[in-house]
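**Student:** Got a predicted structure here, sequence first:
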Amino acid sequence: MYKFFNNGALLLDGGSRGRPLYLVGAMRRFVGVFFLSLCLLLSFGGCGYSFQGGESVLPPGVEKLYIPDVINRSSDPSITGLLTEALRERFERFGVVRVVEEARDADATLKVKVLQVLSSSQTSSARTDVSQELNLSILLAGELTQKNGVILWKNPVIKGSQAYGNLAGAVVSSSAQFAQSGLGAGDLEALNQRELSRSQQQQALEGLVEEVARQIYEEAVAPDF
């Protein structure tokens, strides 16, 4: 039973003034929406959706990964150590798998091959005909194989590129890449053309291997959102 008071409010019957029915309905709708949102949030969490890279698409039982030294077919020997270390650090960072030292201890093995590393001109000075900005590009192939021989992931064409300055006037001394080089703006004048190009190319290479290591990680084990 319900009662109407002089002010027109519809109240719950019960010997004392209750809440208006429209408020009761609104509260019930709010509680329902709240619990529905909470259930959806917990459901996504339980399904492995995470924006921190802490989940993977690897099958159950693949917990230990072996990453041997990359096979380097390029003319730059330094990329072997740089890329191998970048890959191991990337896969260990989020705790998705544990990188092991021996293949016999692993549930799967990640093999990466460097096919090509090229440096090409992007812009040049019309006055000196010297390249002001160069582009460093890399071509890789990768494969993740379970110890039973099943291929979990494979990509024969992995590409990456990064531009870098070749002249003192083309180097942005306020950029993050220049800051990582350990040089000051005044050091540019003291460096000859060859030294400057080599320094900038090394910084570009280090940034490039970090980028392709991230790309391989996301393709091989990170879930799609």
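**Tutor:** On my side now, so go ahead.
**Student:** How is this structure partitioned into domains?
**Tutor:** For the chain, the domain assignment from automatic domain parsing gives the residue ranges 2-46, 64-220.
**Student:** Confidence-wise, which of these is weakest overall?
**Tutor:** If you rank those by mean pLDDT, domain 2-46 sits at the bottom with a mean of 51.
**Student:** isn't residue 221 right next to residue 96, touching?
**Tutor:** Yes. Judged on CB atoms under 8 Å, residue 221 makes contact with residue 96 at a distance of 5.6 Å. From N, CA and C alone the C-beta is placed, and that goes for glycine too.
**Student:** number of nearby residues for residue 115?
**Tutor:** 16 (other CB atoms under 10 Å).
**Student:** May I ask you to confirm that it belongs to a strand?
**Tutor:** Yes. Assessed with DSSP: H, G, I helix; E, B strand; the rest coil, residue 115 lies in a strand.
**Student:** pretty sure it contacts residue 137?
**Tutor:** No. Assessed by CB under 8 Å, residue 115 is found out of contact with residue 137, at 11.1 Å.
**Student:** what does the host helix or strand of residue 159 rub up against?
**Tutor:** Here residue 159 sits within strand 151-165, counting by DSSP states H and E. The contact list for strand 151-165, computed with CB atoms under 8 Å, 6 or more residues apart in numbering, reads 58-59, 62, 108, 122, 132-146, 171-172, 177, 200-201, 203-204, 207-208, 211-212, 215-216, 219-221.
**Student:** Quick check: can you name the pairing partners of that strand and their directions?
**Tutor:** Strand 151-165 pairs in its sheet with strand 131-146 (antiparallel), by DSSP bridges.
**Student:** returning to that earlier point: what's the overlap in contacts for residue 115 and residue 137?
**Tutor:** Between them, residue 115 and residue 137 share no contacting residue, judged by CB under 8 Å, 6+ apart.
**Student:** I'd like the distance between the residue nearest to residue 115 when sequence neighbours are not counted and residue 63.
**Tutor:** Once flanking residues are discounted, residue 115 sits nearest to residue 139: 4.5 Å by CB to CB, 6 or more residues apart in numbering. Here residue 139 is placed at a distance of 31 Å from residue 63 (CB to CB, to the nearest Å).
**Student:** Also residue 79?
**Tutor:** With distances taken as CB to CB, residue 79 is found 29 Å from residue 63.
**Student:** what about residue 157, how many neighbours?
**Tutor:** Applying other CB under 10 Å, we find 9 residues neighbouring residue 157.
**Student:** actually residue 63, sorry about that
**Tutor:** By other CB under 10 Å, the residues close to residue 63 number 14.
**Student:** what about the helices in the protein?
**Tutor:** Taking DSSP state H, the helices of the chain run over residues 21-46, 78-93, 176-180, 187-190, 193-220.
**Student:** Can you give me every residue that contacts the spatially closest residue to residue 92 that is not a sequence neighbour?
**Tutor:** Nearest non-adjacent residue to residue 92, counting by CB to CB, 6+ apart: residue 99, 5.1 Å away. Counting by CB under 8 Å, 6+ apart, residue 99 makes contact with 64, 65, 66, 67, 88, 91, 92.
**Student:** With neighbour count added, can I get these in TSV?
**Tutor:** Shown next, in TSV, are those (neighbours: other CB atoms under 10 Å):
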residue	neighbour count
64	15
65	24
66	20
67	24
88	16
91	22
92	14
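**Student:** Any figure for the gap between residue 161 and residue 67?
**Tutor:** Taken as CB to CB, the span from residue 161 to residue 67 is 23 Å.
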